[in-house]
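Novice: Structure for this input, please:
(chains A and B)
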Amino acid sequence: MSVTASTHAAPGNPRGRRTLAALAAARAWIFLILLVVVFEIWSQIAYGTTFIFSSFNIRSIAVFAVAPVLLGLGQTLVIISGGIDLSVGFTMGLAAVIAAHVANGVGAAAGPGIGLLAAFVVALGATMVPGWINGVLVARLRVPPFIGTLGMYGVARGAAYLFADGTTVPVQNNWLTWLGNGRILGIPALVIIAVAVVAIFHYLLSETLFGQYTYAIGGNRQASSRAGVNVRRVTIILYVLSALTAGIDGILYTGRFAAGAPQAGEPLLLDSIAAVVIGGASLFGGSGTIIGTIIGALIIAVIQYGLVFLNVEPFWQFIAVGLVIIISVLVDQSQRRFSGGRQDE
Amino acid sequence: MERRSVLGGLGLGLAGAASLAIPARAAGKSFTVALIPGLTTDAFYITMHRGAAAAAKALGVHLVFQGAPEFNPVQQVPVLDAVIARKPDALLIAPTDKVQLIKPLQAAASAGIPVITVDTYIGSGIYQTGSGDADFPLSYIASNNTLGGQMAARALAKELGGKGKVYVSNIQPGVSTTDERTAGFIDEMKKAFPGITVLPTQFNDDDANKAASQAQSVLARNPDLGGVFGANLFSAMGAANGIQQGGAAGKVKVVAFDAPQTIIGNIKSGLIDIAIAQHPAEIGWFGVAAAYAHLTGQSIPPAIATGFTIIDKQNVDDPATQKFVYSA
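Specialist: Presented below is the predicted three-dimensional model:
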């Protein structure tokens, strides 16, 4: 794998390999488009109405995708670096509970605006702690990411329940609930925030040296280290970023449902990892993109929303999402075999 | 009848043996009653603990509260075994599976610990009849979830004037309580309210985000949707948000089962219209009281049904309603 980690695209690839790589990168797009086309035709034939040319449906799908997307953003970086972060679900819950308490407490004393600001500062500050510990465990103490973050999953979970007194914390802060449910020019505020965070992460991964280091570490940790990459520092930052996106997710969840729930992120963890994998990231590290993860999350959202819209028996949703994951990984594997190596972007 | 006396005799024999080992108890020391909830991280069981603690205080009973963080037998059984090892005088438990908890609870019964199930049950939930291998618990203390579902149906039908489309937002199939609520709701709608169409039930994996998306989708497919019944906290919370996101807040009525603070807040803000509150504190109180009655030689009924309270915008601020809001 490339030892020179500073170039953007993997250099020196023969043309054929590049085409294949591009095709593989596009496969998530192709999948999403096919899915939408099938659902549209189905909806037209069975019900005589449109599926995708409806602002209501698009808005609903977008709002649904926000939670797994945010959880999957930091996760994408961690997975590209060859790690995994299982703690994000409860880091999200921890942030949700803390944000609820702070938005209520500070909001009552200093007004909802200050309360909202304080909720962001305190909740995000708090999530950096489990993120940093994850990073130190993995980078410095060489604990396998799966185990280290599994431990943190338990710790964050316990802390979230303790702060919440075992239940959900209702929120009385209009600003925070507006953030979760308000709209600007018909676009949900949630979606606008998510797009902004996505843009930052896309830039970080695809345009900065930090992003290249992330790929390099996932490609070959030792080689990156010899090439002068501060592997430990980058790894710690990756896990902190992962906790931060989970934290933002938790705060938005609290705003949306007017309740800080410790278990908010628990059912989302697997969906978010699935989104990353469907989006083309390899669990062995070294490949993946932010846009891929977004497409992956949208595929899951379209399936889940669409099948309800089309009145399909609920259990088919599980089967459909499961099949998409398997097919994605199969395509990924065969592409790897053809190209004989990892693909950078 | 006969079976009870056999069990009682066994219990007495073992109690005699235990009193030899622990002289303090023979000297009239207070009883220890263990309460094992379905899960520890749930407002319902936390409220049940509050009621149990109140009864324990009144009766001078020592109450132990231990459970698993998730509602599943794999995590509950080790907790149960550890509690049995400490030999409490009586055991109150919300079994997490009708079948899988029978054997572990038999171990408790044969160790001379009287078993009372609260909220959920083992076997058929009909105890002390001499039939089957799961009739050994002394009593089943709970609210009738089927009845709760029926009450939800009546309350919603009344809101809708007896006509319109509704659906149930449920967590996943196979959970006895939520299944019974759903069945009670659907049956009552079909039987008593022919003007109401019940759409297929949506399963959300206890994920509010998914429940919200489903509500939006059902609403998109059925713009004339009249109401949703959320069979538990996250189902109701999610459905209410989906209706709100779909711009139909107030138009589509949302009924929630259970009444934690969050649901109460949503009733005040108008996102949720009606909550069917169980009385978990009552279950806990009567659980400890029944155990105490049994331990002091009284007979207890094999089943105790606890009540429901319907909370809506009219009574949500009443002082009398507050004791039915779930809280520690």
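Novice: ok but A:Thr167 is inside a helix, no?
Specialist: No: going by DSSP: H, G, I helix; E, B strand; the rest coil, the assignment for A:Thr167 is coil, not a helix.
Novice: Show me which residues of the stretch 151-300 of chain A sit near chain B.
Specialist: With CB under 8 Å from any CB of the partner chain as the criterion, the stretch 151-300 of chain A meets chain B at residues A:157, A:161, A:165-172, A:181, A:188, A:253, A:256-259, A:261-264, A:267-268. Yep, even glycine has a C-beta here, placed from its N, CA and C like the rest.
Novice: Next step: these restricted to strands.
Specialist: The strands, defined by DSSP state E, take in A:169-170, A:188, A:259 from those.
Novice: Could you export the residues you listed as a markdown table, including neighbour count and pLDDT?
Specialist: Converted to a markdown table, these look like this (neighbours: other CB atoms under 10 Å in any protein chain shown; pLDDT from 0 to 100):
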| residue | neighbour count | pLDDT |
| --- | --- | --- |
| A:Val169 | 24 | 90 |
| A:Pro170 | 21 | 88 |
| A:Pro188 | 21 | 94 |
| A:Ala259 | 30 | 89 |
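Novice: Of these, which pair is most distant in space?
Specialist: A:Val169 and A:Pro188 (23.0 Å; CB to CB).
Novice: Not counting sequence-adjacent ones, nearest residue to A:Val36?
Specialist: Distances taken as CB to CB, 6 or more residues apart in numbering or on different chains place A:Ile52 nearest to A:Val36, at 5.2 Å, with adjacent residues excluded.
Novice: no wait, B:Leu63
Specialist: Spatial nearest neighbour of B:Leu63, excluding adjacent residues (CB to CB, 6+ apart): B:Ala56 at 3.9 Å.
Novice: what helices or strands is the host helix or strand of the one you found leaning on?
Specialist: Following DSSP states H and E, one finds B:Ala56 within helix B:43-59. Helix B:43-59 makes packing contacts with strand B:32-36, strand B:62-65, helix B:280-295 when contacts are defined by 3 or more CB pairs under 8 Å, 6 or more residues apart in numbering or on different chains; DSSP states H and E.
Novice: can you redo these as CSV with mean neighbour count and mean pLDDT?
Specialist: Shown next, in CSV, are the helices and strands packed on helix B:43-59 (neighbours: other CB under 10 Å; pLDDT from 0 to 100):
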stretch, mean neighbour count, mean pLDDT
strand B:32-36, 25, 96
strand B:62-65, 18, 94
helix B:280-295, 24, 96
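Novice: Could I get the full set of helices for the chain?
Specialist: All of this refers to chain A. A:15-47, A:55-80, A:88-110, A:112-139, A:145-164, A:174-181, A:189-207, A:209-219, A:221-226, A:231-257, A:268-278, A:290-309, A:315-339 (DSSP state H).
Novice: actually chain B
Specialist: B:2-21, B:23-26, B:43-59, B:73-85, B:102-110, B:145-160, B:176-192, B:208-221, B:233-245, B:261-269, B:280-295.
Novice: and the third one, what's its mean pLDDT?
Specialist: In other words, helix B:43-59. For helix B:43-59, the per-residue pLDDT values average out at 95.
Novice: tell me the angle of that helix relative to strand B:32-36?
Specialist: Here helix B:43-59 points in a direction 170 degrees away from that of strand B:32-36 (axes from the mean of the first three to the mean of the last three CA atoms, to 10 degrees).
Novice: Which residues outside helix B:43-59 are in contact with it?
Specialist: Residues from elsewhere that reach helix B:43-59 (CB atoms under 8 Å, 6 or more residues apart in numbering or on different chains): A:165-168, B:33, B:35, B:37-40, B:61-63, B:65, B:67, B:92, B:94, B:118-119, B:233, B:258, B:260-261, B:278, B:280-289, B:292, B:326-328.
Novice: again, 7 Å this time
Specialist: For helix B:43-59, contacts defined as CB atoms under 7 Å, 6 or more residues apart in numbering or on different chains pick out A:166-167, B:33, B:35, B:37-39, B:63, B:65, B:94, B:118, B:258, B:260, B:280-285, B:287-289, B:292, B:326-328.
Novice: coming back round to it: ranking the helices of chain B by burial, who's on top?
Specialist: helix B:233-245 (a mean of 29; mean count of other CB atoms under 10 Å in any protein chain shown).
Novice: check whether it contacts chain A.
Specialist: Yes: under the criterion of CB under 7 Å from any CB of the partner chain, chain A is reached by helix B:233-245 at B:237, B:241, B:244-245.
Novice: Nearest residue to A:Ser328 in space, ignoring adjacent ones along the chain?
Specialist: Nearest to A:Ser328 is A:Ile278, by CB to CB, 6+ apart, at 4.5 Å.
Novice: OK, contacts around that neighbour?
Specialist: Counting by CB under 7 Å, 6+ apart, A:Ile278 touches A:28, A:296, A:299, A:324-325, A:328.
Novice: and what of B:Pro137?
Specialist: Contact analysis of B:Pro137 by CB under 7 Å, 6+ apart lists B:115-117, B:122, B:127.
Novice: which one in these is the model shakiest on?
Specialist: B:Ile122 (91).
Novice: List the beta-bridge partners for the nearest residue to B:His279 once chain neighbours are set aside.
Specialist: Spatial nearest neighbour of B:His279, excluding adjacent residues (CB to CB, 6+ apart): B:Thr306 at 4.8 Å. Judged by DSSP bridges, the bridge partners of B:Thr306 are B:Ser143.
Novice: how much space between B:Thr306 and chain A?
Specialist: In this view, B:Thr306 and chain A are 20 Å apart by CB to the nearest CB, to the nearest Å.
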